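[1] kindly return the folded structure for what I paste below:
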Amino acid sequence: MQSLQAKASEWSGVDSADAFAIDDTNLFQKLGLQTFVNLSTNFYTRVYDDEEEWFRSIFASSKKEDAIQNQYEFFVQRMGGPPLFSQRRGHPALIARHRPFPVTHQAAERWLHHMQQALDSTLDIDADSKVKMMNFFRHTAFFLVAGDELKKNQNQQQQQTPPCKQGSSNH
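    Just a heads-up that it's a prediction; the model follows:
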């Protein structure tokens with residue numbers, strides 16, 4: 001069985017070395033907290049204004065301000081800054097946190113579309129950092145898709161397993 005990371009590389013077109021090139025530079029030190037806040041604000045403004053109802057509905061149960069904070073704190077932590085996300089919310093556990101949502105190929109592409117636009121319009125991010133970040137985002141988005149498909153496969157297997165006869169009575 002192919003690993004989630006291998007599926008993410010295959011589906012995203014980004015190999016692991018490029019996806020994790022964000023670890024070669026401390027992007028938090030390079031860009032600063034406010035840049036991550038601006039990126040996440042820009043991104044979620046686009047998401048919550050998306051013309052596609054199916055996509056907006058994925059985020060309907062979250063307040064925009066909370067989504068912005070969760071995202072920038074995760075990005076800061078993942079890209080070399082203090083563990084803001086973990087201090088407030090615990091381990092990131094991306095697949096588990098995204099488990100309730102339909103993380104499909106279509107949703108990943110739509111998410112990435114908005115993230116690319118947000119990156120392009122966040123002027124404080126240099127071109128090299130944008131490439132590194134987008135490679136990480138693309139690979140991670142498809143890592144979550146692979147996790148979602150694993151969840152679906154597990155659910156199907158559970159539904160196909162016959163019920164246990166233990167405890168039944170034949171009176």
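
[2] only C-alpha atoms from now on, for both contacts and neighbour counts.
    Noted.

[3] so which residue is dead centre in this protein?
    The centroid of the chain falls nearest to A141 when counting by C-alpha atoms, centre = their mean (4.9 Å).

[4] can you list contacts of the helix or strand that Q117 is a member of?
    Under the criterion DSSP states H and E, the helix or strand holding Q117 is helix 105-121. Helix 105-121 has contacts (C-alpha atoms under 8 Å, 6 or more residues apart in numbering) with 39-40, 42-43, 46-47, 55, 125, 130, 134, 137-138, 141-142, 145.

[5] can you tell me which of those are in helices?
    Mapping these onto helices (DSSP state H) picks out 39-40, 42-43, 46-47, 55, 130, 134, 137-138, 141-142, 145.

[6] give the buried residues for stretch 135-152.
    Neighbour-count burial for stretch 135-152, with 16 or more other C-alpha atoms under 10 Å as criterion, is recorded at 135-149.

[7] could you do stretch 63-79 as well?
    By 16+ other C-alpha under 10 Å, the buried positions in stretch 63-79 come out as 64, 68-79.

[8] now, the most widely separated pair of these?
    Farthest-apart pair in these is K64 and M79; separation 22.2 Å (C-alpha to C-alpha).

[9] before we move on, back to that, pipe the ones in helices among the contacts of helix 105-121 into a markdown table and attach pLDDT and distance to D18 per row.
    Putting the ones in helices among the contacts of helix 105-121 into a markdown table (pLDDT from 0 to 100; distance: C-alpha to C-alpha, whole Å) gives the following:
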| residue | pLDDT | distance to D18 |
| --- | --- | --- |
| L39 | 98 | 21 |
| S40 | 97 | 22 |
| N42 | 97 | 24 |
| F43 | 97 | 22 |
| R46 | 97 | 26 |
| V47 | 96 | 26 |
| F55 | 92 | 28 |
| K130 | 97 | 12 |
| M134 | 97 | 10 |
| F137 | 95 | 11 |
| R138 | 95 | 10 |
| A141 | 90 | 14 |
| F142 | 91 | 14 |
| V145 | 88 | 19 |
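
[10] in the protein, where is pLDDT below threshold?
    Low-confidence segments of the chain, defined by pLDDT under 70, are located at 1, 87-102, 148, 150-171.

[11] which residues in the chain form strands?
    Assigned by DSSP state E, the strands in the chain number zero.

[12] for F74, see how far away S40 is.
    Distance of S40 to F74, given as C-alpha to C-alpha, to the nearest Å: 10 Å.
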